[in-house]
Structure formats: structure tokens, C-alpha cells
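Student: Following is a predicted model, sequence given first.
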Amino acid sequence: MDGQRICIMGLGYIGLPAASYLASRGHRVLGVDVRTEVVQTINRGDVHIVEPELAGLVQAAVLSGNLCASLVPAEADIFVLAVPTPLTEGCRPDLSYVEAATEAIARHLGAGNLVILESTSPVGTTERVTRLIEEARPDLVEEGRRSFFVAHCPERVLPGQILRELVDNDRIVGGVDAASGERAAAFYRSFVTGQVRVTDARTAELTKLTENSFRDVNIAFANELSVICDRLGVDVWEVISLANRHPRVSVLTPGPGVGGHCLAVDPWFVVSSAPDCSRLIRTARGVNVAKEDWVIRRVLERASRFRTPVVVCLGLTYKPDIDDLRGSPALRVVRSVMRDLSEAEVLCVEPHLTQLDGVAFCTLEEGLRRADVVVGLVAHTAFKAIDATDLQEKGVVDACGLFH
């Protein structure tokens, strides 16, 4: 497709990479965010998130004039919703951001426009977006026929590799009708080198939720296995290594829980849609949350052996080698230990962050020298150089196989 006007709602980990990449392809992109500081940062050609190669791409896109940011949307040919879909306290989907973004763009829609929901969403959300537009713009509906197109194309990118996977990964496009699906697929095929598969909106929504629920359930198996092995006095890492030599077995790696913006959230979207049918998915969520408490108890037990312990926690992010703290079980473990061990000094080593409110940082060298208890929470590459001699006479809690 030749250069089009594209309005992207939400300039976070999904929206900003997409906006800058599409601008580099010659599209005129308006990125919209509710945070004034984010809009100002991007319009200076800077970034507010860390992602390889993103800073240079944003700077070039802004300097070219193809990318600008705003607090409000404007007319466009294509509107992309890339806003958060978090959970409420009761683990229910919060669609307020999607609804607010839909209402904001509705007044700017014209006949022939395409609206794409990229936010991972519960089944039926794309249809909800369509109804909201129809209610706000009855002039775009004549005799039951819409003059605009709506589709769902869930993001499938991995933090740290977003710009590459934005282009290389297969995409699933689901339209609220056949014409919408084909229109959206044509847009993605113009820049995606992976395959673009077309289906209906509800199938596309559930496909993304299935991907992340599958991973959450399998991580729950590994986490539960790690607790069983601890009870039985068996090395879980050796068990997994030996079991995975079977040609049809691939047990995942245990951790302190499950974090991020997807795996700990999306299974609840499935549960909310069919609560009486999703017993395994609900149980897996419970197992992964309980693993955090299990790690905390182990840390408290090790620390109880010292009068005024120095506890050094290795890693805060939700996965290795990124700076992303969203839903991080490691961070929740650290904050709980800080609360429960008021007499202790709790230090953190996190090579991808320099500061965080309420958290005391130290270097890896200082941490290993001073620690009474060492807690492995995130298997950052920077920690792989730790030698067994560094851990002698220290209490050790290894939640991620860092010292195996």
C-alpha cells in the first residue's frame, strides 16, 4: 500500500514500535497517548521505553515528518487501537481503555476507514468496538450495512525483539465480517513477511488467548514440579534435563512465578468468558501465583538463620535481559521480603535498571561480597558468570536455575 494516514492509539511497547516502523515505510502516522510527557518525548525524537533499535527509528521517523504524537486523534485512513487491557482487582477484564479509545476515534471516522484492534482482548471485544462506533456514528450505517471496516489483529511480539518480530512473525487477522478481514489482511501483507491468516474476529481473539494460556499452563507444571522436587529432596533442574531427553517431552523452566503484560493476564480473559469450562486454566494461574509465596517463604527461612541478615536479590524484571517490570514476580518477591524482614538489609542487583522507588541497588560484586542470603530471581546473562565459590557459606534461594 502507498503511504496512508494512520492513527495509532496508545504509544507503549506495541504502539510506538508500530508507529515508528510504519512511518519509516512512508505512511503518515499520528501516535496518540493520554500521557503528556510521552507525547512531548516522542515529538522531540526521543523514546520513553527501552527496546533495541527503537530510539534511532523514532528519531528518524520524527525528523522525516512522517511521525508525530498528540493527545487527541485526527482523521485517518486506518486507526489502530494498541491500548492496555488490564485486569481489575477481581481478575476481570478492564476494557475501559479500549472503549475510551474507540469513542475518541469515532468522531473522526469516515466511510471506507479501517479500525484495527491490536490490544489482546477477551472474546467479543472487537464486536463491542464495532457496536460502539455504530452507536456513535449512525451516519456510517445505512440499511444495516456499515461503511467502515473493523478487525482484530493481536500483537505477537517479544520484548527485546519487537521491531524484528513486528515484521517477521505470522499474523492472525479476524474481521467482524469477511470484507473487514480482507481489508485488514491487505494492510498487514504490505509490510509483514510472515504469513497473514484470515479468520473471524472471535477466533482471532481466542487464538491469542490460547497461545498465552498454553504457555501459562505449561509454566505452572514446571513451577509445581519444582515445589514437589523441593519436598522430596530431588534436584528439579536435573529432573527436567533428564525428562527432556525423551523425544516427546519438553518441560519448561520453573521461575518465581509468571509476569509480563500477557501471560499473567490473558488466561483470565478466557476464564471470564467461560468460567465453568476453564478449570485447568484457572488452576494454572493459581499455581503460578502461589509460586511467588513459596519463594518468599524460602527467603524468610534462609534469612531467619542470621540476626541482621543482608539479603541480595538478583533480578527485578519479569524476564531475562530486558528492563520491563510489568507484572514482575521478582519485584513482588523483593517488596514482600522488604516488608516482612524489617530487621534485614535488602539489596538488589539489576543490570537493566539504575533506580526504582523504595529499592536499594548495589553492584553484583558488592552484593556477593556482603550477602548472607542470595536470591536468584531472574536469569540475566550478566549473572551467568557467578561462580559457586561466590556462594559459599551463604543461604541460597535459586528460583530460576541461575546457580544450577
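Tutor: Thanks, I have the structure now.
Student: what's near enough to touch the residue in the chain sticking out farthest from the centre?
Tutor: Here the centre of the chain is the reference, and by CA atoms, centre = their mean the most remote residue is residue 143, at 40.8 Å. Shown in contact with residue 143 (CB atoms under 8 Å, 6 or more residues apart in numbering): no residues. In this view, the C-beta of every residue, glycine as well, is placed from N, C-alpha and C.
Student: and the spatially most central residue of the chain, what does it touch?
Tutor: The chain has residue 261 as the residue nearest its centroid, 3.0 Å off, counting by CA atoms, centre = their mean. Each residue near residue 261 by CB under 8 Å, 6+ apart is listed here: 13, 84, 326, 327.
Student: just to revisit the earlier point, from residue 127, how far out is the residue farthest from the centre of the chain?
Tutor: 20 Å (CB to CB, to the nearest Å).
Student: just residue 46 next, same as before
Tutor: For residue 46, the distance to residue 127 - CB to CB - is 38 Å.
Student: quick one, which of the two is more surrounded?
Tutor: Ranked by neighbour count (other CB atoms under 10 Å), residue 46 and residue 127 place residue 127 first, with 16 against 12.
Student: most residues in a single helix of this structure, which one?
Tutor: When the chain is scanned for its longest helix (criterion: DSSP state H), the result is helix 201-232.
Student: immediately after it, which helix or strand?
Tutor: Sequence-wise, the next helix or strand downstream of helix 201-232 (DSSP states H and E) is helix 236-243.
Student: Report the buried residues of that following helix.
Tutor: Across helix 236-243, burial judged by 16 or more other CB atoms under 10 Å covers 236, 237, 239, 240.
Student: hmm, which two among those residues are most spread apart?
Tutor: Comparing every pair within the buried residues of helix 236-243 by CB to CB identifies 237 and 239 as the most remote, at 7.3 Å.
Student: Isn't residue 372 up against residue 307?
Tutor: No: if you go by CB atoms under 8 Å, residue 372 and residue 307 don't touch, sitting 9.6 Å apart.
Student: ok, those two, which is more surrounded?
Tutor: residue 372 (19 against 8).
Student: Now for that one: which residues touch it?
Tutor: 303, 306, 309, 310, 311, 394, 395.
Student: distance of it from residue 176?
Tutor: Going from residue 372 to residue 176 by CB to CB gives 59 Å.
Student: same deal with residue 318?
Tutor: 33 Å.
Student: Also residue 22?
Tutor: Look at residue 22 and residue 176: by CB to CB, they are 23 Å apart.
Student: neighbour-wise, which of those two wins?
Tutor: residue 22 (26 against 22).
Student: Need the nearest residue in space to residue 326, chain neighbours excluded.
Tutor: Distances taken as CB to CB, 6 or more residues apart in numbering place residue 261 nearest to residue 326, at 4.8 Å, with adjacent residues excluded.
Student: quick one: secondary structure of residue 401?
Tutor: Following DSSP: H, G, I helix; E, B strand; the rest coil, we place residue 401 in the coil state.
Student: For residue 391, give me its contacts.
Tutor: The neighbourhood of residue 391, defined by CB under 8 Å, 6+ apart, consists of 368, 374, 403.
Student: Phi first, then psi, for it.
Tutor: phi -110, psi 0 (degrees, to the nearest 10).
Student: Got the confidence number for it?
Tutor: Predicted confidence (pLDDT) for residue 391: 93.
Student: One more: residue 219?
Tutor: What the model reports as pLDDT for residue 219 is 98.
Student: And for the one 3 residues further on?
Tutor: On pLDDT, residue 222 comes in at 98.
Student: How about residue 90?
Tutor: At residue 90, pLDDT is 88.
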